[in-house]
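J.: Could you work out the structure for the sequence below:
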Amino acid sequence: MLMSGRMHVSEPVRRIELFTGEGRRRAWSDAEKAAIVAESYASEETVCGVARRHGLTPQQLFTWRRISRRERPQPETALFVPAVIEAAVAEPALVAQPAPQPRPRRSRRRLAASGIELEIGGVTVRVGAGASPKAIAAVIGALKASA
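T.: Residues are numbered from 1 along each chain as shown. This is a model prediction of the structure:
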């Protein structure tokens, strides 16, 4: 029989369970937490696998790992390398030289067009630069007609 909060059940309740004590919540000592965290770093097994084996959720183990990183004692010794300072060597005085003047750019001269070379149907025709567009069109039309 399916029961929901909206249904009215006419039969009486037969059994009630009362949970006392801690239930699923467990208290882990700091040593146990440290051992599990160390195991999660050392083993080739995933964090989830280590957590499952110990009855933890992966989130709980990740939280323990984060807390252990924060609480890790910092080394008391200095982590710096001592610096060695040498005496400055006198450099010869540099004479300021004027900045070189940029050379003027040479303008490119356009080469005069010597004409066009056309190859149509195995025939090569060279048209001079002074030819009119009508003459060029007439030559091309004549070559196409003969090809």
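
J.: Now do the strands in the chain.
T.: 116-120, 123-127 (DSSP state E).

J.: mean pLDDT for these: which is lowest?
T.: Within these, confidence is poorest for strand 116-120, with a mean of 73 (mean pLDDT).

J.: what sits up against the lowest-mean-pLDDT helix or strand in the chain?
T.: Within the chain, no helix or strand scores below strand 116-120, which has a mean of 73 by mean pLDDT, DSSP states H and E. Identification of contacts with strand 116-120 by Cβ atoms under 8 Å, 6 or more residues apart in numbering yields 124-127, 136, 139-140, 143-144, 147. For the C-beta atoms, the positions are set from N, CA and C on the backbone; glycine is no exception.

J.: ok, 7 Å please
T.: With Cβ atoms under 7 Å, 6 or more residues apart in numbering as the test, strand 116-120 has contacts from 124-127, 140, 143-144, 147.

J.: how about stretch 123-141 as CSV, C-alpha atoms only?
T.: As requested, C-alpha coordinates have been extracted for stretch 123-141 and formatted as CSV (Å, rounded to 0.1, in the frame of the first residue of the first chain):
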residue,chain,number,x,y,z
VAL,A,123,48.0,31.4,-81.1
THR,A,124,50.0,34.0,-79.2
VAL,A,125,49.0,37.7,-79.7
ARG,A,126,50.9,40.6,-78.2
VAL,A,127,49.0,43.8,-77.9
GLY,A,128,50.9,47.0,-77.4
ALA,A,129,50.3,49.4,-74.5
GLY,A,130,48.8,52.0,-76.8
ALA,A,131,46.1,49.8,-78.4
SER,A,132,42.5,50.9,-78.0
PRO,A,133,40.0,48.7,-76.1
LYS,A,134,38.0,48.4,-79.3
ALA,A,135,41.0,47.0,-81.2
ILE,A,136,41.8,44.5,-78.4
ALA,A,137,38.1,43.3,-78.3
ALA,A,138,38.2,42.9,-82.1
VAL,A,139,41.4,40.8,-82.0
ILE,A,140,40.0,38.6,-79.2
GLY,A,141,36.7,38.1,-81.0
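
J.: if we can go back for a sec, and S43, which of the strands of the chain is closest to it?
T.: With Cβ to Cβ as the criterion, S43 lies closest to strand 116-120 of the strands of the chain, at 78.0 Å.
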